[in-house]
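J.: Sequence first, predicted coordinates after that:
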Amino acid sequence: MNWDHKNIRSTFLRYFENNNHKVLNSYSLIPDNDPSLLFVAAGMVPFKAEFSGKVKPKYLRIATCQKCFRMDDIDNVGYTLRHHTFFEMLGNFSFGDYFKYESIHYAWDLLTNVYKLDPNKLWVSVHTDDDEAEEIWRSIVPSEKIVRLSDNFWGPAGLTGPCGPSTEIFYENFYCPNVNCKPGSECLECEKKERFIEIWNIVFTQYFKNEKGELIDLPQKNIDTGMGLERLARILQNKPTQYHTDLFYPILIKIEQFIEKDVEKVYNDFNIQFDLNNYLSKRDIYLNIVADHLRGAVFLISDGVIPSNDGRGYVLRKLIRRAILYSKFLGISKEFSHEIVDSVIEIFKDVYPEVYLRSEFSKKILNSEEKAFIKNISKGINYFNKIKEELIKNNIKVIDGKKAFYLYDTLGFPLELTIELAKNNGLRVDVDEFNKEMELQKIQSRQNKNDIKVFSINRQFKTEFVGYDKLKEQANIIAILKINSNKTLELLNEISNPEDDIILITDVTPFYAEAGGQVGDKGIIFNDNFKFQVIDTQKHVEGFIFHIGKLLQGYVKLGDKAYLEVDFYRRKLTAIHHTATHLLHSALRKVLGTHVYQAGSLVDYDRLRFDFTHFQAINDNELKNIEELVNEIILKELDVLIEYKPLNVALEEGAIALFTEKYPENVRTVKIMDDEFISYELCGGTHVKNTSFIGVFKIISEKSLQLGVRRIEAVSNLPLLSIFDKFYSIVNNLAALTNTDIDKIKDYISKIISDSKNLKQSIINLKKKYYQLLLDSIKFEDNNIININLLEEDDLLIVHDLIKIKNPNYIGIYNVQDTNKVIIIFNSTLKELLDIFSNYNLKLINLGNFKKVIINNFSNQEFFKDILYKIKQRN
RNA sequence: GGGGCUGUAGCUCAGUGGGAGAGCGUCUGCUUGGCGUGCAGAAGGUCGGGGGUUCAAGUCCCCUCAGCUCCA
């Protein structure tokens, strides 16, 4: 049997399809609206809600091969046989359908009868308290191959969520005569060589872990299993490591091609000493790291992650930079990362089309990150050299951890490199101190987490949104919350005084909560007894809606009926900008190309901001085309069609979805079309009914946001008018001031600027000539006092400069007429003069290469003669 | 979300409260049969923006904008 990765995957899915499972495609690596998770880290993550019983599952049995990403084990990647950042997990799931018995039998049947693994090499573990699971296993495997382990308990993914005891299946890589050497208690040697590899983890998901850490019985008993594709492939393909399987090997081969024969030279470029022994022993590890990270980066980029300095983008950046760093240790000097993309695609294009579709984009991103990182490294090396010189001067052998941390923290210079460089210079890095600094940084960062959306409340609420059709609605107040100064939330039964930082939750609301870039509504909530001003509306993670604001007057208590009224003009103008955003998006794709993806969006009542992927500056011509295209569609008076339909239907029809959003089964679509689609997006925002309502569209600015991402700000309708007013009055004022026509202001001002430069230069030239004439009439003897009439007080330097040309070390003693001051100017190199002046308590003023001394009321100063005398006597 | 750093000539960056600089690049002249080279000279600056302290701010303080970076 040829167990290539495609065959392993399809065999798994087909097996469960034959056992009445619905086979679903892998979900994106980016989890749905869950701020507690950066990435999908296990096959069950997309079904968290189904497991918890919050969502009724559409299918009771599901099987997937899910893309997963974990950063937790990154330090192990490459060093062990089993860790990866990006990996695939084969999983079968049951939501209240089959449980322990069937799941165990499915697993055993598939492994031994389909994949034909040798049953003698399989071991299993069950949770310490799980008699039932052990009982089931006893009928399948000999009892000496079953172990009970206390840590056989999985989950939750994130802080809260479904979890439960598990049973694991291990594959024995090699024989060990020690009878006590078992999974979970291997002998030291076997642990090192990874005798047992966990290939399948079956979780009996029957609990929900809440915020307090309590385990609560779930309404139904579930099965959640996960089998690492890479591990299974290693076994079935009989390879020494997972990197030798067809999931990695072509990537390794490609990377190896870039390793230069003259490795030493590459090391010298980075000021690192080359150590042949070290290089060879670490070669495989580094090769694995580079392959793993670049493979992972390609998948993250394909799912819409863009390198940035926070969140998911930051993880991606770190991943790419680590790959580049280790490529340097490997002996690769040229930019290579983008050239690896094709070999990743070659492996996965039939399985994950998104990887193939975004390949050009991935290459661009990798290459620009690589360039940026190299630039960083060279800055870091500059700083390192400074430290080094300082240390050598003071004869110190240790680079203190704070300096190493500065390199890392502020300059983004990897610690590994600092250590290497130090070694080569006979220095050592205080890594302990570095770690302390890192710990401090982490503690500090954790302190202020105050995203209101992730606040947990011990009760479930539900708010129905009716604001697409209505802007005013009556509703019941079902919760009152106070935001405390320490950013925690407190449930109240009533409030009676005017107070800020209050949140009201109602059962129904016309208020739109911030989502999809569109800002939350403002407005008022009121009845006969109170008036509450809503300054922002936010959606909580669990679905209900916060009306955030302040109580202006009266008192509110739980259960009150009240009217909710949205600020009409604000909402209307926001809708105008939202529809305009869709038109802009479509125009960008038309003018610039389909590599344009939305990378961020803000829709407010007075402007819109749209971030998108694009790699060059947009020229004026393109910008004009985009603007015209949008305005053209506004003039066409096209209807904006809102429809609800199944997600897959919408996607098949060509609707644009965001990579970073997870959509429900039934989605809301916003469509604008004439003969063909102009714009077709999945969107929950509020829109105008017809494009003509937008009125007019104007791009205000275009700039680079970060590498590969650009931002356009634009304004429509009335807010544009106020911007126009502002500019109009500025321009009018300028025209009036310069007494010119509006069209000619620019020419006029540039003429003034160049005139004034020329005038300045002329004046200086004239002054030089004038003073030269004065000086020509003076006979220079050493240290005589020059009586001089200055045109302006600052001109003295011009005079001194003129003298200096012929007498470089001239000590100028100037008696400035009409000011009763003597000013002495001399070259800073004449150090012997410094003491003379400071003995008389005279302040020396630095003037670049000169020192200046001012002596006021010199005619009354007896000591002046002494000074003159001493100046003459010097040397 | 929380820190750290940077912003000065086209580029890379110095700059201690006192005339805005260096190297590279550009231009001109000389050097050469011509191109390197060498020499001499020149152009090029809202010192990110705004406010404050000071006789005097690129430099100190506050605000702001932009970029880089680490952590969560």
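T.: Now that the structure is in, tell me what you want to look at. Numbers count the residues shown, from 1 in each chain, chains lettered A, B, ... in the order given.

J.: Every contact and neighbour count from this point should use C-alpha atoms.
T.: OK.

J.: Quick check: residue A:551 touching residue A:532?
T.: Yes - using CA atoms under 8 Å, residue A:551 is in contact with residue A:532, at 4.4 Å.

J.: Tell me what residue A:714 is bridged to.
T.: residue A:608, residue A:699 (DSSP bridges).

J.: about what we covered before: identify the contacts common to residue A:551 and residue A:532.
T.: Counting by CA atoms under 8 Å, 6 or more residues apart in numbering, no residue touches both residue A:551 and residue A:532.

J.: Go ahead and report the secondary structure state at residue A:82.
T.: coil (DSSP: H, G, I helix; E, B strand; the rest coil).

J.: ok, it - contacts?
T.: Contacts of residue A:82 (CA under 8 Å, 6+ apart): A:231, A:241, A:242.

J.: Can you identify the element that follows whichever strand or helix holds residue A:363 toward the C-terminus?
T.: For residue A:363, the enclosing helix or strand under DSSP states H and E is helix A:359-393. Using DSSP H and E, the helix or strand that follows helix A:359-393 towards the C-terminus is strand A:398-399.

J.: The helix holding residue A:363 - contacts with which helices or strands?
T.: Under the contact criterion of 3 or more CA pairs under 8 Å, 6 or more residues apart in numbering; DSSP states H and E, helix A:359-393 touches helix A:276-302, helix A:311-330, helix A:337-348, helix A:401-409.

J.: buried ones in it?
T.: A:359, A:361-370, A:373, A:377, A:380-381, A:383-384, A:388 (16 or more other CA atoms under 10 Å).

J.: Also stretch A:231-246?
T.: Buried residues in stretch A:231-246 (16+ other CA under 10 Å): A:231-237, A:241-246.

J.: Helices - which of those residues land there?
T.: A:231, A:232, A:233, A:234, A:235, A:236 (DSSP state H).

J.: and of the residues you listed, the nearest to RNA strand B?
T.: Nearest to RNA strand B out of these is residue A:231 (CA to the nearest atom of the strand; 27.6 Å).

J.: separation between residue A:407 and residue A:377?
T.: 10 Å (CA to CA, to the nearest Å).

J.: next one: residue A:1
T.: In terms of CA to CA, residue A:1 sits 49 Å off from residue A:377.

J.: How about residue A:323?
T.: On the measure of CA to CA, residue A:323 and residue A:377 end up 14 Å apart.

J.: next one: residue A:419
T.: 14 Å.

J.: How about residue A:461?
T.: Applying CA to CA to residue A:461 and residue A:377 gives a distance of 51 Å.

J.: cool, and residue A:12?
T.: For residue A:12, the distance to residue A:377 - CA to CA - is 45 Å.

J.: What residues of stretch A:480-497 count as buried?
T.: Buried residues in stretch A:480-497 (16+ other CA under 10 Å): A:480, A:481, A:482, A:483, A:489, A:495.

J.: Stretch A:13-28 now?
T.: Neighbour-count burial for stretch A:13-28 [16+ other CA under 10 Å]: A:13, A:15, A:16, A:17, A:21, A:22, A:23, A:26, A:27, A:28.

J.: The first one touches residue A:22, doesn't it?
T.: The reference is to residue A:13. No - between residue A:13 and residue A:22 there is no contact under CA under 8 Å: 9.0 Å.

J.: which neighbours do the two share?
T.: residue A:63.

J.: Doesn't residue A:813 belong to a strand?
T.: Yes - assigned with three-state DSSP, residue A:813 falls within a strand.

J.: Name the nearest residue to it, ignoring sequence neighbours.
T.: residue A:824 (4.5 Å; CA to CA, 6 or more residues apart in numbering).

J.: Tell me which residues touch that neighbour, please.
T.: When contacts are taken as CA under 8 Å, 6+ apart, residue A:824 is in contact with A:811, A:812, A:813, A:814, A:852, A:853, A:854.

J.: count of neighbours near the last one?
T.: Read it as residue A:854. 17 (other CA atoms under 10 Å).

J.: That one bridge partners, please.
T.: residue A:823.

J.: Confirm for me that it is in contact with residue A:823.
T.: Yes - using CA under 8 Å, residue A:854 is in contact with residue A:823, at 4.6 Å.

J.: Count the residues that sit near residue A:155.
T.: Neighbours around residue A:155, by other CA under 10 Å: 18.

J.: right, I mislabeled it, should have said residue A:249
T.: Neighbour tally, residue A:249, other CA under 10 Å: 18.

J.: Now it. Nearest residue, chain neighbours left out?
T.: Using CA to CA, 6+ apart, the closest residue to residue A:249 is residue A:243 (5.8 Å).

J.: With residue A:44 instead?
T.: Using CA to CA, 6+ apart, the nearest residue to residue A:44 is residue A:224, at 6.5 Å.

J.: for residue A:71, same thing?
T.: Residue A:71's closest residue in space is residue A:85 (CA to CA, 6+ apart), at 5.9 Å.

J.: which residues does that neighbour contact?
T.: Contacts of residue A:85 by CA under 8 Å, 6+ apart are A:69, A:70, A:71, A:73, A:74, A:77, A:292, A:293, A:296.

J.: Against residue A:648, how distant is it?
T.: From residue A:85 to residue A:648 the distance is 29 Å (CA to CA).

J.: Then residue A:574?
T.: 29 Å.

J.: higher neighbour count, those two?
T.: A side-by-side neighbour count of residue A:574 and residue A:648, using other CA under 10 Å, places residue A:574 first with 27 against 13.

J.: In CSV, list the C-alpha atoms belonging to the helix or strand hosting the more buried one.
T.: Here residue A:574 sits within helix A:568-591, counting by DSSP H and E. Only the C-alpha atoms of helix A:568-591 are listed here, as CSV (Å, rounded to 0.1, in the frame of the first residue of the first chain):
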residue,chain,number,x,y,z
PHE,A,568,-30.7,58.8,13.3
TYR,A,569,-28.3,61.1,11.5
ARG,A,570,-25.3,59.4,12.8
ARG,A,571,-26.6,56.0,11.8
LYS,A,572,-27.6,57.2,8.4
LEU,A,573,-24.2,58.7,7.7
THR,A,574,-22.6,55.6,9.0
ALA,A,575,-24.6,53.5,6.6
ILE,A,576,-23.6,55.8,3.7
HIS,A,577,-19.9,55.2,4.6
HIS,A,578,-20.4,51.5,4.9
THR,A,579,-21.9,51.1,1.5
ALA,A,580,-19.2,53.4,0.2
THR,A,581,-16.6,51.0,1.8
HIS,A,582,-18.0,48.1,-0.3
LEU,A,583,-17.8,50.2,-3.5
LEU,A,584,-14.2,51.2,-2.6
HIS,A,585,-13.3,47.6,-2.0
SER,A,586,-14.6,46.5,-5.4
ALA,A,587,-13.0,49.5,-7.1
LEU,A,588,-9.6,48.6,-5.6
ARG,A,589,-9.8,45.0,-6.8
LYS,A,590,-10.8,46.3,-10.2
VAL,A,591,-8.0,48.9,-10.6
